[in-house]
Each structure stands twice: as structure tokens, then as C-alpha cells.
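J.: need a 3D model of the sequence below.
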Amino acid sequence: MPALGAAEIRAAASRIAPHIRRTPLLRLPAGALGTPCDVTLKLELLQASGSFKPRGAFNRMLAGPLPAAGVIAASGGNHGAAVAYAARSLGVPAEIFVPEITSAAKVARIRGYGAQLVQGGAAYDDARRASEARAAETGALLVHAYDQPEVLAGQGTLALELEEDAPELTHVLVATGGGGLIGGMAAWYAGRAHLVSVEPEACPTLHTALREGHPAPAPVGGVAADSLGARQVGEVMFPIARQYVRQSVLVPDEAIREAQRRLWDSCRLIAEPGGATALAALLCGAFAPPDGAKVGVVVCGANTDPGSIAG
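T.: Predicted structure coming up:
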């Protein structure tokens, strides 16, 4: 497995800088969202295409020559939108495979970026298998949602920004699906901050892998399955997570929905369920910050129907 660390993440940051947004922070006092401590939100839901995913997509696509056949990806929605967005920006065709559970908002976004969309199968893993077969057939570049070193390095640029802009943070909460984001962030922080993986109870992917000692199949369900519903974490991220992710917690769907409501009511931010999952751990007590902790939370996605929150 190629090494992944600060050098690769800095190289990714330089490579993708013309194509992504450096997303802002929002610092809130204790109680503003109902949290037990002050909290710093990394507003990655304001990223191009509505999630953190373009970081990894652009880095994978810019790390080497792009074939004439273009790119192929499987996704619950956000990664597909990011790959479609990046492909349009770089002038290459994209074919995106999504499962039946992908929300209408995410399907519309992918199509809006001009990609060819194939929808079928019950869950992300079905779309992944179909995309891999299609890539082998066409010669297109496969852009994995979370299990390629270039993708992890791209996602790690979020941590680079966060540490530069908020070096005081001692604890950082990150929602985990297939593990590309927290894997990339862990590779950057390398133990300098206490990284907390937050997953829905219905999608305990990294939680299962850490318990078993290796990536292993986990259930997929609940309100955040279209963004956090990988069947198991990636092989590339797992040894990084095992070394540097200090804590893994699970949250119920009710807490995720409440986090969405709080973000809207207090900040007028519309986060999708997966995007609000990390905050849910603070609200429901799944993560209890120790005295003196300086806590950051990544709000990582916004691709949802606004009426599902604000209606």
C-alpha cells in the first residue's frame, strides 16, 4: 500500500486548489446548538457540489493522465455528484452508478452536472460492483468513493485546512461511512488531535471493523444510508484509522434528525443526515468532551431536500 501522510496530502492540496473551495469555520459558544461545550464547525457542506467529496475526486483525476473513456464511479450520491462535477470541470465524460436508495435530490444533482447516471441495486455495494465491471469493459478511470490512496489524500486536505485555521482544537468529530474522510484526516493529524468517528447505529461500518480487527461487512440502514451506507470500510484507510482514530461512537437516527433541526434553527444551515451525524454525537451524549476540550465538528454534506428539515 502506498504511504499516505503529510507529504501526499500537501501535494494533493496544491493539485486541487484551483478547483475547490477553502470552506469556512463557524465558532459557536456552549449552548448555541445545545452542545455541552464551545464548538467549531467546519462548514464543508459549502464545498462545491455540496459535500467534501470533490477533494478526493479531483485529486484522483489529476494525479495522472485521464483516459479518453473518462471516469466511472459508484456512489450513494455525494461522491457521484463530486465526480460528475470534477469531470465537467476537466472536460471528460463521467458515468455514475447509484443504488435505489439514493435520494432524488442527489440523483438530480448528478444529472445536472451532465453525467450519465445508472441507478439500480439495493445498496451502495451493488452499485460499486456494477461500476467496477463497467470500468473493466470501457477502460475508464475508476474513482472509488473511499478506497484509493489518492482519494484519501484529497480528503485529508480538509484536515490540513482545519488545523491551519483552528490549531487549538483538541478533539475533532467526523462522520464515517466508507472511511475516506476520517482516514485522510487521520493521516494528516497523525495523533495531534483526538479524532472521533461518529456513525449511525444502523451503519456501524468502522465500529464493526475496529471490533473485528479488520474491515468486515456491517449492516446498512437508517436515515443516513445514502451517504454513510458503505458495507465495509476501505482497506487503505483501516490501518490508518486503527492507529490514529482515538474513539468510535454510534448515534441513533433520532439524534441525527435533531442535529439537522438544530443546525437549521440556530444557524440556518441545511445539512443532510450524514452531514449532521458528527454533531449528533455531541447532542445525544455519545461523545462527552472532557474538561478543557476544544471541539471541532465537520459538517460534511448538504445534499438533501430542504423541505425535509425546514418544512
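J.: which stretches of the stretch 151-300 of the chain form strands?
T.: Using DSSP state E, counting those that start in this stretch, the strands of the stretch 151-300 of the chain run over residues 171-175, 194-200, 245-251, 295-299.
J.: number of nearby residues for P290?
T.: P290 has 10 neighbouring residues, counting by other Cβ atoms under 10 Å. Just so you know, the C-beta spots here come from the backbone N, C-alpha and C atoms, and that holds for glycine as well.
J.: same check, this time on A224
T.: The local packing of A224 (other Cβ under 10 Å) involves 27 other residues.
J.: check the one 5 residues further on too.
T.: Residue crowding around G229 was assessed by other Cβ under 10 Å; the count is 26.
J.: which one is it nearest to, not counting chain neighbours?
T.: In space, and not counting its chain neighbours, G229 is closest to V220: 4.3 Å by Cβ to Cβ, 6 or more residues apart in numbering.
J.: let me know the pLDDT of the one you found.
T.: pLDDT, V220: 91.
J.: and it, how far is that from D226?
T.: The spacing between V220 and D226, counted by Cβ to Cβ, to the nearest Å, is 10 Å.
J.: how about V174?
T.: Distance of V174 to D226, computed by Cβ to Cβ: 18 Å.
J.: ok, now G301?
T.: Using Cβ to Cβ, G301 is found at 10 Å from D226.
J.: now do E199
T.: 14 Å.
J.: tell me who's in contact with the closest residue in space to E199 that isn't next to it in sequence.
T.: Nearest residue to E199, sequence neighbours excluded (Cβ to Cβ, 6+ apart): T176, at 5.1 Å. With contact taken as Cβ atoms under 8 Å, 6 or more residues apart in numbering, T176 is in contact with I182, S197, V198, E199, T205, L206, L228, V233, S248.
J.: let me have those residues in CSV, extended by distance to T277 and pLDDT.
T.: Converted to CSV, these look like this (distance: Cβ to Cβ, whole Å; pLDDT from 0 to 100):
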residue, distance to T277, pLDDT
I182, 12, 98
S197, 10, 98
V198, 5, 98
E199, 7, 98
T205, 12, 96
L206, 12, 97
L228, 7, 92
V233, 15, 96
S248, 13, 98
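J.: out of those, who has the most neighbours?
T.: These, ranked by neighbours (other Cβ under 10 Å): first place I182, 35 neighbours.
J.: nearest spatial neighbour of it, skipping sequence neighbours?
T.: Skipping the residues right next to it in sequence, I182 comes nearest to V174 by Cβ to Cβ, 6+ apart, at 4.5 Å.
J.: what about stretch 134-152, average pLDDT?
T.: Per-residue scores along stretch 134-152 average to 95.
J.: I meant stretch 254-272, not that one.
T.: With pLDDT averaged residue by residue, stretch 254-272 scores 97.
J.: what residues does that stretch touch?
T.: 26, 28, 32-34, 41, 43, 45, 200, 222-224, 227, 273, 276-277, 279-281, 283-284, 286, 299, 301-304, 306, 309-310.
J.: what subset of those is buried?
T.: Among the contacts of stretch 254-272, those buried by neighbour count (16 or more other Cβ atoms under 10 Å) are 26, 28, 33, 41, 43, 45, 200, 222-224, 227, 273, 276-277, 279-281, 283-284, 286, 299, 301-304, 309.
J.: just these: which are in helices?
T.: With helices identified by DSSP state H, the entries of the buried ones among the contacts of stretch 254-272 that belong to them are S227, P273, A276, T277, L279, A280, A281, L283, C284, I309.
J.: can you lay out these as CSV showing distance to G50?
T.: Compiled in CSV, those are given as follows (distance: Cβ to Cβ, whole Å):
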residue, distance to G50
S227, 11
P273, 13
A276, 13
T277, 15
L279, 17
A280, 19
A281, 22
L283, 23
C284, 25
I309, 14
